[in-house]
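Engineer: Give me a 3D structure for the following:
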Amino acid sequence: MATCETCGNDYDKSFQVTMDGKAHTFDSFECAIHALAPTCDHCGIRIVGHGLEKSGTFFCCEHCAEGEGVKGLRDRI
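Structural biologist: Take a look at the predicted model:
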């Protein structure tokens, strides 16, 4: 068994995610998202799926990007 780095649960079905060359151990996708998903620089939610990025700044949607004064980004359709 391995211990989740987010919640500390020692779980027999834990899994690892490698990001930027470093392995991370989790007991659920929820914990992996909490630890690794970027947050929207406008509203603060975790970005799960397609987001928008401009010069290293992440947004969950076009509306939030525009709320920070970033123009020219479009949601994926």
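
Engineer: Leaving out the residues flanking it, which one is nearest to F15?
Structural biologist: In this structure, F15 finds its nearest non-sequential neighbour in F26, 6.2 Å apart by Cβ to Cβ, 6 or more residues apart in numbering. Where you see a C-beta, it was placed from the backbone N, CA and C, and this is true even at glycine.

Engineer: Roughly how far does the one you found sit from A35?
Structural biologist: Distance of F26 to A35, given as Cβ to Cβ, to the nearest Å: 7 Å.

Engineer: between the two, what contacts are shared?
Structural biologist: 5-6 (Cβ atoms under 8 Å, 6 or more residues apart in numbering).

Engineer: Now for E62, how many residues are close by?
Structural biologist: 16 (other Cβ atoms under 10 Å).

Engineer: Phi, psi for it please.
Structural biologist: phi -60, psi -40 (degrees, to the nearest 10).

Engineer: And it, how far from Y11?
Structural biologist: 38 Å.

Engineer: Name the SS class of V48, please.
Structural biologist: coil (DSSP: H, G, I helix; E, B strand; the rest coil).

Engineer: Which parts of the chain are strands?
Structural biologist: 2-3, 10-11, 15-19, 22-26, 52-54, 57-59 (DSSP state E).

Engineer: Out of these, which is closest to L73?
Structural biologist: Across these, L73 has its closest neighbour in strand 52-54 (4.6 Å, Cβ to Cβ).

Engineer: I'd like the average pLDDT over that closest one.
Structural biologist: Mean pLDDT, computed over strand 52-54, is 92.

Engineer: Same check on stretch 2-13?
Structural biologist: For stretch 2-13, the mean confidence score works out to 96.

Engineer: gap between that stretch and the chain center?
Structural biologist: With Cα atoms, centre = their mean, to the nearest Å as the basis, stretch 2-13 stands 19 Å off its chain's centre.
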